[in-house]
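**Student:** Give me a model of this one.
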Amino acid sequence: GEMAEHLRTPKEVREIGAWLTERYGRLPGTPTQLQRRPLATQRAREQLLPLVEAYERLKRRREVVDHGDQMALAARIAERHPEVGEAERGRFAVVLLDEYQDTSHAQLVLLRSLFGNGHPVTAVGDPCQSIYGWRGASSGNLTRFPRDFRTASGEPAPVRRLSVSFRNGDAVLDVAARVQIPLRLEAREVPVLVPGGNRVERGRVVTD
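**Tutor:** Next comes the predicted model:
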């Protein structure tokens with residue numbers, strides 16, 4: 001599923017393994033545990049590749065696809081056939097992408113191929129709420145949105161940061177801000193939420 005969401009093949013995964021092995025061979029001295037971790041991860045992936053390839057053969061034999069296949073196929077069609085994007089842009093004058101932090105690389109390629117090059121597109125998302133990394137989602141897509149979906153004049157898309165919450169009061173937002181501290185180290189541009197005009201507290205915060 002992750003290979004499909006990244007538009008990669010088992011052959012490319014093996015090529016990365018060969019590249020990593022060659023690079024590690026150049027390291028002076030004994031690699032540290034932190035340095036060895038990517039290579040160990042890669043070796044674990046390569047052990048799974050025969051199973052993945054058997055699964056691919058089985059799907060082809062039964063003429064079925066899964067979610068990753070659907071996304072990869074749609075992305076490749078949109079990227080290789082510009083007339084598909086022309087048709088979709090004719091159907092949708094404006095496009096709103098919600099929860100954009102949970103899009104994968106394949107979804108980015110699909111959406112950019114269909115609605116890029118200055119078509120009116122707005123994306124809403126929060127990198128601190130990205131929860132689908134296990135299926136190939138990348139919150140970095142949200143950060144790169146201004147460059148991936150430029151304006152009609154070729155400028156990076158403008159960004160508006162929303163920081164007022166009308167759903168929660170001070171107590172809940174304070175707890176949320178504390179829980180998000182590790183995430184904010186990787187998303188420093190995201191403002192801490194503050195309560196809106198209705199600051200009445202509903203409920204209370206308890207800890208075990």
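
**Student:** Tell me how far residue 45 lies from residue 31.
**Tutor:** 19 Å (Cβ to Cβ, to the nearest Å). Using the backbone N, CA and C atoms, a C-beta is placed for each residue, glycine as well.

**Student:** Which residue of those two possesses the greater neighbour count?
**Tutor:** residue 45 (17 against 12; other Cβ atoms under 10 Å).

**Student:** Isn't the more buried one up against residue 13?
**Tutor:** Yes - contact criterion Cβ atoms under 8 Å: residue 45 and residue 13 qualify, at 6.0 Å.

**Student:** Strands of the protein, start to end?
**Tutor:** 95-97, 121-123, 164-165, 194-195 (DSSP state E).

**Student:** How many residues are close by residue 166?
**Tutor:** There are 8 residues near residue 166, going by other Cβ under 10 Å.

**Student:** Need the pLDDT of it.
**Tutor:** Note on residue 166: pLDDT of 83.

**Student:** Spatially central residue for the protein, please.
**Tutor:** residue 138 (2.0 Å; Cα atoms, centre = their mean).

**Student:** What are the buried residues along the lengthiest helix in the chain?
**Tutor:** As assigned by DSSP state H, the longest helix anywhere in the chain is helix 33-62. For helix 33-62, the neighbour count (16 or more other Cβ atoms under 10 Å) marks 42, 45, 52 as buried.

**Student:** do the same with stretch 76-93
**Tutor:** Per 16+ other Cβ under 10 Å, stretch 76-93 contains these buried residues: 78, 79, 84, 85, 88, 89.

**Student:** next one: stretch 118-128
**Tutor:** Those buried within stretch 118-128 under the rule 16+ other Cβ under 10 Å are 119, 121, 123, 125, 126, 127, 128.

**Student:** what's near enough to touch the second one?
**Tutor:** Residue 121 makes contact with 94, 95, 96, 97, 111, 115, 149, 157 under the criterion Cβ atoms under 8 Å, 6 or more residues apart in numbering.

**Student:** try it again with 10 Å
**Tutor:** By Cβ atoms under 10 Å, 6 or more residues apart in numbering, residue 121 lies in contact with 92, 94-97, 100, 111-112, 114-115, 145, 148-151, 157.
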